[in-house]
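**Student:** can't give you the sequence, but here's the structure:
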């Protein structure tokens, strides 16, 4: 029964996420979510108590996507990250995040709800700061590996990378619902990497990163 | 009397903008705007018909800020732009825009309303496209002046610059209400310019651009 309750919660969350992504917070009602999920409004109130709480669960689901993804690209003790330079892992991670923004309904909906956060009567997690910290650590690692240009300050460069990435995915959403996000991200790295690197690695890296 | 009506419209627009900026669209009521402006709710309905129309006027005011500013930095027939290289004019323009995002209440409010656009029952102007066109033209001019690196495609680079700038001002807003936006923008150009340029001009340019 516990497992079935979990399955119901997940179905409700994904139905809510797909509606929030399409119509936004204000444009989505509990009965819309019931209709899309195949469950009753009563089930929604039982599992999530309110539309605010359901929106908060979607935003938390969005934020919960990142730590395991970051771990996968930063934990040098596990198979994936071993022997791959930190700067290359950062680029690969950014493409993985871009694909999540394009393809993962909870990530997409969480991003939209975050921009609509003033409507939601529930405190949302603070954005960006965790990303800036994670990217700073990867750039510090790149410095230790001798790949970061000497004049680059890891923390300021990390903030710039996070800002620019956020702009790419937001503008991509507005221009074509993020269909071209990988092209736009490759264009961004083509301008940023030569400044970040001690030695250029950009040209041969992009095709690999996009398929990673 | 015409002039007085214009003054009233402007006062109402700025009162609405300051509230939209602070509290968002959903958090602002016609009576809040009346209280802040010192006019009656009736005056608001007379001049703007509805909260939607007032929000639309703020967003249109935001968008109307840019053409004269772009003109000032691109029209080489007038005094300001003459003899200044296009790439330098682009950097100066970006700092002027950053300051508008920090200091101009209609620009700030328009940006917030645009992120909340799904709540506003009025069609808003399409964003980014005009900016991408304007920056493309400046980069093409930089190419004609021999300042753009040969491998740079002006249109793709323009889209990247616009994306990255949008990210900088949005993240700056979330981190500290855009107080450090000029520092963040300088950090962005420090990474982008070396890739864009045939010859580096970054170092000596930033102090000038920030005071322009």
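**Tutor:** In hand now; what should we look at? Note that this is a predicted model, so its numbers are computed, not measured. Residues are numbered from 1 along each chain as shown, chains lettered A, B, ... in the order given.
**Student:** What helices and strands are in contact with the host helix or strand of residue A:64?
**Tutor:** Per DSSP states H and E, residue A:64 falls inside helix A:51-74. If contacts are counted by 3 or more CB pairs under 8 Å, 6 or more residues apart in numbering or on different chains; DSSP states H and E, helix A:51-74 sits against helix A:2-23, helix A:41-48, helix A:86-103, helix A:105-115, helix A:129-144. All C-beta atoms are positioned from the backbone trio N, CA, C, and that covers glycine.
**Student:** Show me how far the second one is from its chain's centre.
**Tutor:** Using CA atoms, centre = their mean, to the nearest Å, the distance from the centre of helix A:41-48 to the centre of the chain it belongs to is 27 Å.
**Student:** same deal with the first one?
**Tutor:** Between the centre of helix A:2-23 and the centre of its chain there are 19 Å (CA atoms, centre = their mean).
**Student:** And chain B, is it touching that?
**Tutor:** Yes - among the residues of helix A:2-23, residue A:23 lie within reach of chain B under CB under 8 Å from any CB of the partner chain.
**Student:** Let me know the angle separating that helix from helix A:105-115.
**Tutor:** In terms of direction (axes from the mean of the first three to the mean of the last three CA atoms, to 10 degrees), helix A:2-23 departs from helix A:105-115 by 50 degrees.
**Student:** circling back to that earlier point, any idea of the angle the helix holding residue A:64 forms with helix A:86-103?
**Tutor:** Using the same axes, to 10 degrees: helix A:51-74 against helix A:86-103 is 150 degrees.
**Student:** And helix A:51-74, what's buried?
**Tutor:** Buried residues in helix A:51-74, counted by 16 or more other CB atoms under 10 Å in any protein chain shown: A:51, A:53-63, A:65-66, A:70, A:72-74.
**Student:** So which of the helices and strands packed on helix A:51-74 is the most surrounded?
**Tutor:** Across those, averaging neighbours per residue (mean count of other CB atoms under 10 Å in any protein chain shown) puts helix A:105-115 on top, at a mean of 23.
**Student:** so what secondary structure elements neighbour that one?
**Tutor:** Counting contacts by 3+ CB pairs under 8 Å, 6+ apart, helix A:105-115 is packed against helix A:2-23, helix A:51-74, helix A:86-103.
**Student:** Dump those to CSV, plus mean pLDDT.
**Tutor:** Output for these, formatted as CSV (pLDDT from 0 to 100):
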stretch, mean pLDDT
helix A:2-23, 94
helix A:51-74, 93
helix A:86-103, 95
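**Student:** Take the ones you listed and write them to CSV, including distance to residue A:109.
**Tutor:** Listed next are those as CSV, based on distance: least, CB to CB, whole Å:
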stretch, distance to residue A:109
helix A:2-23, 4
helix A:51-74, 5
helix A:86-103, 11
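**Student:** quick one, which of those is nearest to residue B:117?
**Tutor:** Set against residue B:117 and scored by CB to CB, these come closest in helix A:2-23, at 12.5 Å.
**Student:** Name the next helix or strand following the closest one along the chain.
**Tutor:** Downstream of helix A:2-23, the next assigned helix or strand under DSSP H and E is helix A:30-37.
**Student:** buried residues in that next one?
**Tutor:** Neighbour-count burial for helix A:30-37, with 16+ other CB under 10 Å as criterion, is recorded at A:30, A:32, A:33, A:34, A:36, A:37.
**Student:** Return the list of helices and strands in contact with it.
**Tutor:** With contacts defined as 3+ CB pairs under 8 Å, 6+ apart, helix A:30-37 has these neighbours: helix A:2-23, helix A:41-48.
**Student:** Contacts for the longest one next, please.
**Tutor:** If I follow you right, that is helix A:2-23. If you take CB atoms under 8 Å, 6 or more residues apart in numbering or on different chains as the criterion, helix A:2-23 is touched by A:27-28, A:32-33, A:36-39, A:43-44, A:47-48, A:54-55, A:57-58, A:61, A:105-106, A:108-110, A:112-113, B:118.
**Student:** The same query, at a cut-off of 6 Å, please.
**Tutor:** A:28, A:32-33, A:36-37, A:44, A:47, A:54, A:57-58, A:105-106, A:108-109, A:112-113 (CB atoms under 6 Å, 6 or more residues apart in numbering or on different chains).
**Student:** before we move on, what about the last one?
**Tutor:** Surrounding helix A:41-48, the residues in contact under the criterion CB under 6 Å, 6+ apart are A:9, A:12, A:30, A:31, A:33, A:34, A:54.
**Student:** Please repeat the previous calculation with a cut-off of 7 Å.
**Tutor:** Applying CB atoms under 7 Å, 6 or more residues apart in numbering or on different chains, the contact partners of helix A:41-48 are A:8, A:9, A:12, A:30, A:31, A:33, A:34, A:54, A:57.
**Student:** try stretch A:144-162
**Tutor:** Contact partners of stretch A:144-162, identified using CB under 7 Å, 6+ apart, comprise A:85-87, A:128, A:131-132, A:135-136, A:139-140, A:142-143, A:192, A:195-198, B:171, B:184, B:187-188, B:191.
**Student:** Could you tell me the end-to-end distance of that stretch?
**Tutor:** End-to-end span of stretch A:144-162 (CA to CA, to the nearest Å): 21 Å.
**Student:** And the residue of chain A that's closest to chain B?
**Tutor:** Across chain A, the shortest distance to chain B (CB to the nearest CB) belongs to residue A:167, at 2.6 Å.
**Student:** Return the residues in contact with that residue.
**Tutor:** B:163, B:164, B:165, B:166, B:167.
**Student:** give the contact list for the residue most central in space within chain A.
**Tutor:** In chain A, the centroid-proximal residue (CA atoms, centre = their mean) is residue A:97; its distance is 4.9 Å. Residue A:97 makes contact with residue A:69, according to CB under 7 Å, 6+ apart.
**Student:** quick one: residue A:14 from residue B:20, how far?
**Tutor:** The spacing between residue A:14 and residue B:20, counted by CB to CB, to the nearest Å, is 33 Å.
**Student:** ok, how many other residues are close to residue A:171?
**Tutor:** Neighbours of residue A:171 under the rule other CB atoms under 10 Å in any protein chain shown: 25.
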